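Engineer: pasting the structure only:
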């Protein structure tokens, strides 16, 4: 009995140590990627929030104009940087610490006990919704700071000091996180698992290819929620999500909800490659091995 107790304590300590390692590896990788690519994220937000006529000449020209008039650092790199790095550290750390356990629990309760796309997608939805809800204030602050140059009438302090406003904003942020993580894990874990089942070696080359699939899945699924968050939080006066949905639909129809999708995919691809490479290598060198 004493031996079983000791073994149980050791197993618990090892599991806690592994969870702490996952937390730090995921958070560190997310901090690096969000710091490096904050200009692309800022450009996406400004593009989505700007009036259609302000961005009618194309994304590259729109971005070039910002760099010419405001500078790369002041116009695109600094806005929302601290909030973005902090929020992504915590969000990724929570998501990737929970993901494997949630996914494996779903797999073990399934009929055949074999991992498939449904399990990965469900685990991504659950972990993404929870992690983004917890870190919503960081994501809201980041979005407001990045939209501020386009919408100078936004009172950032007033918006964030109103608890009801933060809670209202947390709903689309959490929805966005759920869809983003679902698409990310379907792309990354899904492609990795399929490739390994067909004899591909788990390593940097597979991580790179899987990252592109993760970028496509995450950007495609989360695009409507991305736009809703950007538009909703940049409203000068309190409004409803229904009003934002109606406004987007009246402007461009159903296709309007994917406004900025190409920007998201372009932005996310280097982000995913950087994040996944750093995360997998940190895991490997910490003794956890690659994401399985």
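Structural biologist: Looks like it came in fine. What you are looking at is a predicted structure, and each value in this text was computed from that prediction instead of being measured. Numbers count the residues shown, from 1 in each chain.
Engineer: Would you map the helices across the chain?
Structural biologist: 2-36, 38-49, 59-70, 72, 81-108, 117-134, 136-147, 156-161, 163-197, 204-233, 241-252, 261-285 (DSSP state H).
Engineer: right, and those - which one's nearest residue 292?
Structural biologist: helix 81-108 (7.6 Å; Cβ to Cβ). C-beta here means a position set from N, CA and C on the backbone, and glycine is covered the same way.
Engineer: list the buried ones in the closest one?
Structural biologist: 81, 83-100, 102-103, 106-107 (16 or more other Cβ atoms under 10 Å).
Engineer: what mean pLDDT would you report for that helix?
Structural biologist: The average pLDDT for helix 81-108 rounds to 95.
Engineer: which other helices and strands contact it?
Structural biologist: With contacts taken as 3 or more Cβ pairs under 8 Å, 6 or more residues apart in numbering; DSSP states H and E, helix 81-108 sits against helix 2-36, helix 38-49, helix 117-134, helix 136-147, helix 163-197.
Engineer: In CSV: these, plus mean pLDDT, mean neighbour count and distance to residue 73.
Structural biologist: Converted to CSV, the helices and strands packed on helix 81-108 look like this (pLDDT from 0 to 100; neighbours: other Cβ atoms under 10 Å; distance: least, Cβ to Cβ, whole Å):
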stretch, mean pLDDT, mean neighbour count, distance to residue 73
helix 2-36, 74, 15, 13
helix 38-49, 86, 24, 9
helix 117-134, 95, 22, 28
helix 136-147, 87, 24, 14
helix 163-197, 87, 21, 27
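Engineer: got JSON lines for these, with distance to residue 74 too?
Structural biologist: Formatted as JSON lines, these follow (distance: least, Cβ to Cβ, whole Å):
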{"stretch": "helix 2-36", "distance to residue 74": "16"}
{"stretch": "helix 38-49", "distance to residue 74": "11"}
{"stretch": "helix 117-134", "distance to residue 74": "28"}
{"stretch": "helix 136-147", "distance to residue 74": "12"}
{"stretch": "helix 163-197", "distance to residue 74": "26"}
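Engineer: mind listing what residue 31 touches?
Structural biologist: Counting by Cβ atoms under 8 Å, 6 or more residues apart in numbering, residue 31 makes contact with 85, 88-89.
Engineer: returning to that earlier point: can you tell me which of the helices and strands packed on helix 81-108 is nearest to residue 290?
Structural biologist: Ranked by Cβ to Cβ, the member of the helices and strands packed on helix 81-108 that lies closest to residue 290 is helix 163-197, at 8.4 Å.
Engineer: which helices and strands does the closest one pack with?
Structural biologist: helix 81-108, helix 117-134, helix 136-147, helix 156-161, helix 204-233, helix 241-252, helix 261-285.
Engineer: Buried residues in the longest one, which are they?
Structural biologist: So the one you mean is helix 204-233. Neighbour counts using 16+ other Cβ under 10 Å place 206-207, 209-233 of helix 204-233 among the buried residues.
Engineer: Same question for the last one.
Structural biologist: For helix 261-285, burial by neighbour count (16+ other Cβ under 10 Å) applies to 261, 263-269, 271-280, 282-284.
Engineer: name the helices or strands packed onto it?
Structural biologist: The contact analysis (3+ Cβ pairs under 8 Å, 6+ apart) places helix 261-285 against helix 2-36, helix 38-49, helix 163-197, helix 204-233.
Engineer: Which of these sits closest to residue 139?
Structural biologist: Nearest of the helices and strands packed on helix 261-285 (Cβ to Cβ): helix 163-197, 5.1 Å.
Engineer: Report the inter-axis angle for that closest one versus helix 241-252.
Structural biologist: Here the directions of helix 163-197 and helix 241-252 differ by 60 degrees (axes from the mean of the first three to the mean of the last three Cα atoms, to 10 degrees).
Engineer: chain center to helix 163-197, what's the gap?
Structural biologist: Relative to its chain's centre, helix 163-197 lies at 7 Å (Cα atoms, centre = their mean, to the nearest Å).
Engineer: and if you look at stretch 61-77?
Structural biologist: In terms of Cα atoms, centre = their mean, the centre of stretch 61-77 is found 24 Å from the chain centre.
Engineer: Likewise for stretch 99-107?
Structural biologist: 19 Å.
Engineer: Stretch 128-136 now?
Structural biologist: On Cα atoms, centre = their mean, the centre of stretch 128-136 falls 10 Å from that of its chain.
Engineer: what's next to it, contact-wise?
Structural biologist: 87, 90-92, 94-95, 98, 139, 166, 169-170, 173-182, 184.
Engineer: just to revisit the earlier point, quick one: which of the contacts of residue 31 is nearest to residue 72?
Structural biologist: Using Cβ to Cβ, residue 85 is the member of the contacts of residue 31 that sits closest to residue 72, with 17.6 Å.
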